[in-house]
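[1] prediction below, plus the sequence it came from.
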Amino acid sequence: MEVNKIAEVRSKYKEPVGPDEMRKTKSVIEVEAEYVDGLDKIEGYEYLQILFYFHKSDGYDLISKRRKGPERGLFTSRSPRRPSPIGITTVELLKREGNKLHVYGLDAIDGTPVIDIKPYASFMDQPTLSLQKKTPRYQINKLIKYQNLNDLLLKAGELHGHYCPYLALGVMAAADALKRLGADNDGMEDLLAVVETNSCFSDGIQYTAGTTFGNNSLIYRDFGKTAVTFVKRGDSTDNLRYYLKDSNFIEREYPKAAELFKKVIADRNGSQAEEKKMKEVWQEIAFEIIEADIDKFFKIEENLKIELPDYAPIFADAECSKCGEKLMAAKAVQKDDKVLCRECAESSYYQLDGSGIVEQI
């Protein structure tokens, strides 16, 4: 068997350190001249898979204690000490300069031989479609099981639109609760999240726990507290409440970020440059928070008394006599012997917006 070195890593790390630290840095993959033509059109890919040789690895143990978790078999780990010391990491391609690929997220030290480069393709490299069809939350459940909060935050950002401290706190609370409760969520109202705020925090909860308004598993109580209670419907005493015990930590620990927030969001008086800067700072803080111990931020209470609503009822349909649109019969208004929707009847209704639940008259 023959394996060729096609490139070499240029990194600030001369000796191995924790992979979590290394994957937060940029490095360069310098491709050897005879293989440069193979990089043609590589700029069209955002992510690459890098296969490299652990050239400083020495020996291996088939069963041993790992960096995280209990003792287990070698092939259930990412240890560099292997019979064939080959590593693989998915990295972000930042740019190409000739034979140099500037990448982010490579956990390989300076001088590491690279033996192959492949484009990352989600349809090939993610779990099979059949697994995803069988369990829609397959990937999220895996991230929760291994408490991979960085990736959960990345995915929650797709829902929320940006990264911010309170989104990270919601992800953190939900991932911790589901792990402790040993809970999964199939969207059938057996796991509920009772949130007490409609801030960014709630989006972290909805994405990570899968408890949403749409599947009737997110119960909103308009208390204005950064808090959430996770509860299993079969046993309402089997629950966990997470309350943010220090709501002033941003002002204290990140005063410049707090000033930007006040100007851009609270006062709506910031420039485009200041809004961009605030998002950048918010992102940095969010990914700092997600690495912290949960006890730093939350008071966690167990086995509380909590009243839950019944399973969501199925309402009969009605039809508005004026606009002709269908609606839930329970939401219809009787007026002048006609069945009307609240809009056509010019009737009051409740609206959930940034102020909470507000009656519109």
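    Received it, and whenever you're ready, just let me know what you need. Note that the structure is predicted; figures quoted are calculated from it, not measured. Numbering: from 1, shown residues only.

[2] so which strand or helix has residue 114?
    Assigning secondary structure by DSSP states H and E places residue 114 in strand 113-119.

[3] what strands line up against that strand, and which way round?
    When pairs are called by DSSP bridges, strand 113-119 turns out to pair with strand 7-10 (antiparallel), strand 47-53 (antiparallel).

[4] per-residue confidence averaged over it?
    Taken as a whole, strand 113-119 carries a mean pLDDT of 96.

[5] just to revisit the earlier point, and the strands paired with strand 113-119 as CSV, adding mean neighbour count?
    (C-beta placed from N, C-alpha, C; glycine too.) Putting the strands paired with strand 113-119 into CSV (neighbours: other Cβ atoms under 10 Å) gives the following:
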stretch, mean neighbour count
strand 7-10, 19
strand 47-53, 20
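
[6] mind putting those in JSON lines, mean pLDDT and distance to residue 340 included?
    What follows is those, written out as JSON lines (pLDDT from 0 to 100; distance: least, Cβ to Cβ, whole Å):
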{"stretch": "strand 7-10", "mean pLDDT": "97", "distance to residue 340": "69"}
{"stretch": "strand 47-53", "mean pLDDT": "95", "distance to residue 340": "53"}
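
[7] now distance to residue 255 too, for those, in TSV please.
    Formatted as TSV, the strands paired with strand 113-119 follow (distance: least, Cβ to Cβ, whole Å):
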stretch	distance to residue 255
strand 7-10	37
strand 47-53	36
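
[8] flag the shaky bits of the protein, pLDDT-wise.
    Along the chain, the model assigns pLDDT under 70 to residues 66-69, 122-130.

[9] can I see the domain layout of it?
    Per automatic domain parsing, the structural domains of the chain span 7-124, 130-302, 317-360.

[10] and the lengthiest strand in the chain, what does it pack onto?
    For the chain, the strand with the greatest residue count under DSSP state E is strand 86-97. Where contact means 3 or more Cβ pairs under 8 Å, 6 or more residues apart in numbering; DSSP states H and E, strand 86-97 is packed against strand 47-53, strand 100-104.

[11] closest to residue 94 out of these?
    Counting by Cβ to Cβ, residue 94 lies closest to strand 100-104 out of the helices and strands packed on strand 86-97; the figure is 4.3 Å.

[12] list the buried residues in that closest one.
    For strand 100-104, the neighbour count (16 or more other Cβ atoms under 10 Å) marks 100-103 as buried.
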